[in-house]
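> All I have is the shape, not the residue letters:
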């Protein structure tokens, strides 16, 4: 049991650097811009990240995936730069890549490999010793709930199991910077809780950036939100801080259940809840009371998302 973590055989112990001084990582983008022909995918983006979990939100075409690929060094900026602890990552090469863990939205795997053999293979690519690779692979399979399936071929796995394996492979080198694109895709609610606990334990002294369609997952674990639209950074801050922009613009209204769908279609509606009777409570985003019985309520992150991206297809 690790004295620093006070957790036995749990995720925090797996990622604890016992006996090491905690390192505070600082990653900064300076006027970061990426163009594809006439299209600007990331537009003069300036932000500074340090240890913690960051939720990356935006609709289809907002520039989220391009930003993650830039941060991973998979694409080069058209203009601007990314610096790690004051050094341009363009000049760090393999030293920077050794600090990274990355889970793309569709990660590649060999279907006839077992889960354990696949992790050993990825470990070899990341330069881990055989002894370390075997130990870490077993720990991570346990952490993502696949210890009993470690000897099974990946082609037999469900979508959620493959996604959990993808999360494990991204963490093999105990990275300082972990970037996850749609990590909760295909996970059921129980698996998402496991994932949130795993990320919370992992992010104690590291940077974690995750993009997800499930806004509630971000609200549970992200300390700060990166909100992008059309390649630009429109909000960066704690959830409760950025949602204050729409204070006084979120309402709950009670309507007859038979007319609920009609009202929901007429307004920007983030939620509807049936009562015990024949009435439905609508949660509506509007700059003024949408109807006479409207009651103002505290906005949440999903309300803010709908405020900015109503009608836009999600990525």
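Okay, I see it. None of the values given here were measured: they were computed from a predicted structure.
> got a list of what residue 285 touches?
Residues counted as contacts of residue 285 (C-beta atoms under 8 Å, 6 or more residues apart in numbering) are 246, 249-251, 267-270, 299, 303, 306-307, 310. C-beta here means a position set from N, CA and C on the backbone, and glycine is covered the same way.
> Out of the residues you listed, which is nearest to residue 190?
Nearest to residue 190 among the contacts of residue 285: residue 270, at 24.7 Å, using C-beta to C-beta.
> so how far is residue 68 from the closest one?
Plainly put, residue 270 is 26 Å away from residue 68 if you go by C-beta to C-beta, to the nearest Å.
> what does residue 232 give?
Noted for residue 232: a distance of 16 Å to residue 68, by C-beta to C-beta.
> And for residue 181, the neighbour number?
As a burial measure, residue 181 scores 23 neighbours (other C-beta atoms under 10 Å).
> Among the contacts of residue 285, which are located in helices?
Judged by DSSP state H, the subset of the contacts of residue 285 located in helices is 303, 306-307.
> hmm, back to that, please pick the buried ones from the contacts of residue 285.
Using 16 or more other C-beta atoms under 10 Å as the burial test, the contacts of residue 285 include 246, 249-251, 267-270, 299, 303, 306-307 as buried.
> would you turn those residues into JSON lines with pLDDT and distance to residue 133?
JSON lines is the format used below for these (pLDDT from 0 to 100; distance: C-beta to C-beta, whole Å):
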{"residue": "246", "pLDDT": "95", "distance to residue 133": "48"}
{"residue": "249", "pLDDT": "97", "distance to residue 133": "52"}
{"residue": "250", "pLDDT": "97", "distance to residue 133": "50"}
{"residue": "251", "pLDDT": "97", "distance to residue 133": "55"}
{"residue": "267", "pLDDT": "95", "distance to residue 133": "54"}
{"residue": "268", "pLDDT": "95", "distance to residue 133": "50"}
{"residue": "269", "pLDDT": "95", "distance to residue 133": "50"}
{"residue": "270", "pLDDT": "93", "distance to residue 133": "45"}
{"residue": "299", "pLDDT": "95", "distance to residue 133": "46"}
{"residue": "303", "pLDDT": "95", "distance to residue 133": "45"}
{"residue": "306", "pLDDT": "92", "distance to residue 133": "44"}
{"residue": "307", "pLDDT": "93", "distance to residue 133": "46"}
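> ok, residue 123 touching residue 139?
No. With contact defined as C-beta atoms under 8 Å, residue 123 does not count as touching residue 139 (11.8 Å).
> higher neighbour count, the two?
Of the pair residue 123 and residue 139, residue 123 is the one with more neighbours under other C-beta under 10 Å, namely 22 against 19.
> For that one, which non-adjacent residue is spatially closest?
The spatial neighbour of residue 123 that comes closest, neighbours along the chain excluded (C-beta to C-beta, 6 or more residues apart in numbering), is residue 133 at 3.4 Å.
> same question, residue 114
Excluding the flanking residues, the one nearest residue 114 by C-beta to C-beta, 6+ apart is residue 151, at 5.3 Å.
> before we move on, the earlier item: quick one: whichever helix or strand the residue nearest to residue 123 is part of to chain centroid distance?
Using DSSP states H and E, residue 133 maps to helix 130-143. In terms of C-alpha atoms, centre = their mean, to the nearest Å, the centre of helix 130-143 is found 24 Å from the chain centre.
> Kindly report the same for stretch 252-269.
32 Å.
> now do the same end-to-end measure for that stretch.
Stretch 252-269 has its terminal residues 10 Å apart, counting by C-alpha to C-alpha, to the nearest Å.
> Alright, calling it a day.
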